[in-house]
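Peer 1: sequence-free structure coming up:
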């Protein structure tokens, strides 16, 4: 390790850099006080010199500490400290648990050995002051995701499909085994209560097409939209246009797909009717097993994406339909739409995935390709708003070993955490719950 010769300790009366000695050079000062502390820049430890330390005076032992912990992995085993004193001391030394070092300007020190005490003797040797130096480094990797299984099974295994939504402060799961529906509720994803069988929905209800506004649930089929405040009691409303599928809740509206193949149009649910938006896909559009995600772009525009899924002809799609809202655009009520897969065709065909917006990234979970090959347990990430996708770093973000590759799971973000619910593979339908969280979420430094 390279030695550093620029420790500023102001030990000699003629060295005045960083010192505030107002007394005559011929009159030794009686002040024994530390003014500032920092670490000297070291190219091997990036950011070391940016750590800000507070010198806190106390009646007995003072304290030197950094409010904002240094970055995870910052090494303190071979660093050079910089001291600035209020007045030139006659002596200053550091006491470690196993040794005492007199400050000479030639020492590279190990600040991992704590507690560390700095003792200052005034120039006239009449006063002594001691400070505890307490440098802190984040002990938790900020880029690490912590995943935990919250619930192994919400209901007994069967061959059902399910959908999880947020309703008020609860998670609600609705399952269908092809003959009957069942609803379950949980406040935390851990403990679930049985709500019973929903009533008022039509035969053949596709639960994966249910969506929530947060205050009510919505489902569309044929020329009707069904609503429920509690997932159990549903009310039918007739529409003038047939509903092909429900899409999402976005920009304070429930969105649906209306019309027939090659003549689709996106509509929003207003009052007792569907209002057409003028957005008409100019290519194949999914009607089932697609994913939706909504987010705010860096340009502060509301955006939504509809990813993959099956077209009406049964073909598995690689489309990524992007919808953007701008208050400055008059056409189509301020909305415009395009398919990213035209410019980025390498994105594979896929169905049954879930996509969320988390930590300024899009994260994709699960799914199968057009040959029904499962994506595996890898999480895919997009840093450019859905244009390109890469596998997550599995040393930082990897699902628990008990989590199997699957499709048709539900992913929800709540309180800075990711929740994954259920899904199915080739042989099993799951009703388990997992929660993941990035360590650095909520950190201020």
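Peer 2: Nice, thanks for sending it over. All figures in this text were calculated on a predicted structure; none of them were measured in a lab. Residues are numbered from 1 along each chain as shown.
Peer 1: Rounded mean pLDDT for the helix or strand hosting residue 184, please.
Peer 2: Per DSSP states H and E, residue 184 falls inside strand 181-186. Averaging pLDDT along strand 181-186 yields 96.
Peer 1: okay, residue 157: pLDDT?
Peer 2: Residue 157 is assigned 73 on the pLDDT scale.
Peer 1: Quick check: the gap between it and residue 431.
Peer 2: With distances taken as C-beta to C-beta, to the nearest Å, residue 157 is found 7 Å from residue 431. All C-beta spots, glycine's among them, are computed from the backbone N, C-alpha and C.
Peer 1: Counting neighbours, go ahead and name the busier of the two.
Peer 2: Shown here are residue 157 and residue 431; by other C-beta atoms under 10 Å, residue 431 has more neighbours (23 against 10).
Peer 1: Secondary structure element holding the more buried one?
Peer 2: Assigned by DSSP H and E, residue 431 belongs to strand 429-438.
Peer 1: Which strands and helices lie in contact with that strand?
Peer 2: Contacts defined by 3 or more C-beta pairs under 8 Å, 6 or more residues apart in numbering; DSSP states H and E place strand 429-438 against strand 145-151, strand 161-167, strand 417-424.
Peer 1: How about residues contacting the second one?
Peer 2: Spelled out, it's strand 161-167. 171-176, 185, 206-212, 214-217, 230-231, 408, 410, 412, 414, 419, 421-422, 424, 429, 431 (C-beta atoms under 8 Å, 6 or more residues apart in numbering).
Peer 1: now, which of those residues lie within strands?
Peer 2: Judged by DSSP state E, those include 171-176, 185, 211-212, 217, 410, 412, 414, 419, 421-422, 424, 429, 431 as members of strands.
Peer 1: how is the protein carved up into domains?
Peer 2: As given by automatic domain parsing, the domain ranges for the chain are 34-134, 145-438.
Peer 1: ranges for the strands of the stretch 301-445 of the chain?
Peer 2: With DSSP state E, counting those that start in this stretch as the criterion, the stretch 301-445 of the chain has strands at 302-307, 320-325, 335-339, 354-358, 361-365, 380-382, 390-391, 410-414, 417-424, 429-438.
Peer 1: who wins for proximity to residue 271 among those?
Peer 2: Across the strands of the stretch 301-445 of the chain, residue 271 has its closest neighbour in strand 335-339 (19.2 Å, C-beta to C-beta).
Peer 1: Identify each buried residue in that closest one, please.
Peer 2: Of the residues in strand 335-339, 335, 337, 339 count as buried by neighbour count, 16 or more other C-beta atoms under 10 Å.
Peer 1: Also stretch 400-411?
Peer 2: With burial defined by 16+ other C-beta under 10 Å, the residues of stretch 400-411 counted as buried are 403, 404, 405, 406, 407, 408, 409, 410, 411.
Peer 1: Same check on stretch 217-234?
Peer 2: 217-221, 225-228, 230-232, 234.
Peer 1: Can you check what angle separates the strand holding residue 184 from strand 170-176?
Peer 2: 160 degrees (axes from the mean of the first three to the mean of the last three C-alpha atoms, to 10 degrees).
Peer 1: for strand 181-186, packing partners?
Peer 2: strand 170-176, strand 193-196.
Peer 1: With distance to residue 93 as new columns, can the ones you listed be given to me in CSV?
Peer 2: Formatted as CSV, those follow (distance: least, C-beta to C-beta, whole Å):
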stretch, distance to residue 93
strand 170-176, 60
strand 193-196, 65
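Peer 1: most packed of those?
Peer 2: strand 170-176 (a mean of 22; mean count of other C-beta atoms under 10 Å).
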